[in-house]
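A.B. asks: Provide a 3D model corresponding to the input given below.
(one chain, ligands or ions: 2)
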Amino acid sequence: MTSPILITGAGQRIGLALAKHFIAAGQTIIVTYRTRHKAIDELAQQGAICIAADFSDDNAIVEFIAVLKSHTSSLKAIIHNASSWDCEANNPDSAALFDNMMRIHAKTPYLINLASSELLQRYYEQHAAPADIIHLTDYVVDTGSPKHLAYAASKAALDNLTKSFAAKYAPQIKVNAIAPSLIIFNEDDDDAYRAKTLKKSLMGIEPGCREIINSVDLLLNSHYITGRSLPVDGGRHLK
Ligand SMILES: NC(=O)C1=CN([C@@H]2O[C@H](COP(=O)(O)OP(=O)(O)OC[C@H]3O[C@@H](n4cnc5c(N)ncnc54)[C@H](OP(=O)(O)O)[C@@H]3O)[C@@H](O)[C@H]2O)C=CC1
Ligand SMILES: Nc1nc2c(c(=O)[nH]1)N=C([C@H](O)[C@@H](O)CO)CN2
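C.D. replies: Ligands and ions are numbered 1, 2, ... in the order given. Reported below is the predicted structural model:
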């Protein structure tokens with residue numbers, strides 16, 4: 001089996017689009033899912049290894065790592081996509097929100113990256129090319145967010161882990177982040193929110209998953225970029 005790419009949270013939206021992209025390119029993939037969306041059944045039918053994993057407690061993260069290692073002895077890349085865009089307004093228990101945000105966005109990638117170094121290094125040994133870790137962060141890493149404080153802080157932690165792991169794992173493994181602003185709306189986003197959000201960037205569009213797919217491919221095809229964050233934000237920083 002060729003070295004697979006691991007995508008976390010691939011049951012919907014960006015993670016699912018990445019999974020379909022790699023399958024179409026003939027790349028073997030391993031995906032995690034929390035909810036067994038119909039799309040997961042379809043990925044499995046197309047040959048993806050689909051692992052149920054709810055990273056809402058430490059034991060589940062450790063258990064996932066053991067299951068991952070039972071499926072493969074090498075990894076071409078890990079894409080940390082799984083995420084919860086939760087906010088203080090919906091969570092009266094601020095302590096629990098903070099812990100949940102840090103666990104899914106920072107602790108889960110941290111523990112998986114530490115446990116997967118040998119799997120990634122084996123890819124390097126077999127292909128004389130670096131393996132990859134890609135963190136999906138967020139534009140708000142640099143600005144903070146008054147409505148998603150814990151979310152933004154946890155994504156900032158993931159951004160910092162990008163730098164630490166890049167220094168720790170080079171040259172066998174490259175570690176980078178992709179920091180998107182609006183990529184795709186959620187179904188329940190109303191017209192007023194959509195109009196307000198579109199105005200936040202210079203480009204003023206909802207770009208869709210293709211922008212993340214292109215960014216992931218750029219990083220995977222480089223043998224030199226590491227420790228960096230790729231902003232995919234429509235020029236929002238200049239508005
Ligand atoms: N969409 C956008 O415009 C933007 C996205 N991003 C980032 O890009 C990435 C993909 O975004 P998007 O596709 O919208 O993500 P989603 O909000 O659709 O979430 C992706 C997946 O993460 C899974 N997930 C959530 N919590 C957990 C958990 N505790 N354990 C395991 N899996 C979990 C969800 O599972 P389930 O299906 O069960 O809910 C979901 O399938 C994320 O990291 C996001 O922060 C950043 C900026 C903008
Ligand atoms: N896990 C998620 N993270 C984020 C989402 C999302 O839907 N799921 N959406 C956004 C917004 O699009 C924001 O970038 C613009 O309002 C941010 N993070």
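
A.B. asks: Assign the closest residue to T35 other than its chain neighbours to helix, strand or coil.
C.D. replies: Leaving aside its chain neighbours, T35 sits nearest to G11 (5.7 Å; criterion: Cβ to Cβ, 6 or more residues apart in numbering). From N, CA and C alone the C-beta is placed, and that goes for glycine too. Under the three-state scheme (DSSP: H, G, I helix; E, B strand; the rest coil), G11 adopts coil.

A.B. asks: so how many other residues sit close to G11?
C.D. replies: The burial count assigned to G11 is 20, neighbours taken as other Cβ atoms under 10 Å.

A.B. asks: That one reaches E42, doesn't it?
C.D. replies: No: using Cβ atoms under 8 Å, G11 is not in contact with E42; the gap is 10.6 Å.

A.B. asks: In the protein, spot the helix with the most residues.
C.D. replies: With DSSP state H applied, the helix covering the greatest number of residues in the chain is identified as helix 149-169.

A.B. asks: quick one, phi/psi of A131?
C.D. replies: Main-chain dihedrals, A131, degrees, to the nearest 10: phi -80, psi 180.

A.B. asks: Oh, that last question was meant for H135, not what I typed.
C.D. replies: According to degrees, to the nearest 10, H135 has phi -100, psi 130.

A.B. asks: rewinding a little: what are the buried residues along the longest helix of the chain?
C.D. replies: Using 16 or more other Cβ atoms under 10 Å as the test for burial, helix 149-169 gives 149-159, 161-163, 165-166, 169.

A.B. asks: what does stretch 108-120 give?
C.D. replies: T108, P109, Y110, L111, I112, N113, A115, S116, S117, L119, L120.

A.B. asks: Next up, the contacts around the closest residue to the fourth one other than its chain neighbours.
C.D. replies: Across the structure, with Cβ to Cβ, 6+ apart as the measure, the residue nearest L111 apart from its sequence neighbours is I61 (5.1 Å). When contacts are counted by Cβ atoms under 8 Å, 6 or more residues apart in numbering, I61 is found next to A53, F55, R103, K107, T108, L111, I112.

A.B. asks: Alpha carbons only: can I get stretch 46-54 in CSV?
C.D. replies: The C-alpha coordinates for stretch 46-54 follow below in CSV (Å, rounded to 0.1, in the frame of the first residue of the first chain):
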residue,chain,number,x,y,z
GLN,A,46,-14.0,4.2,-2.9
GLY,A,47,-11.3,2.6,-0.8
ALA,A,48,-10.6,5.1,1.9
ILE,A,49,-9.8,3.8,5.4
CYS,A,50,-12.4,5.5,7.6
ILE,A,51,-11.8,5.7,11.3
ALA,A,52,-14.4,6.9,13.8
ALA,A,53,-12.8,9.4,16.2
ASP,A,54,-14.4,11.9,18.5
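
A.B. asks: quick one: average pLDDT of it?
C.D. replies: Averaging pLDDT along stretch 46-54 gives 98.

A.B. asks: elements contacting the longest helix of the chain?
C.D. replies: helix 94-102, helix 108-115, strand 131-136, strand 173-180 (3 or more Cβ pairs under 8 Å, 6 or more residues apart in numbering; DSSP states H and E).

A.B. asks: Pick the most buried one from those.
C.D. replies: Of these, the one with the most neighbours on average (mean count of other Cβ atoms under 10 Å) is strand 131-136, at a mean of 26.

A.B. asks: Which strands or helices does it pack on?
C.D. replies: Packed against strand 131-136, as judged by 3+ Cβ pairs under 8 Å, 6+ apart, are the following elements: strand 77-80, helix 117-127, helix 149-169, strand 173-180, helix 210-221.
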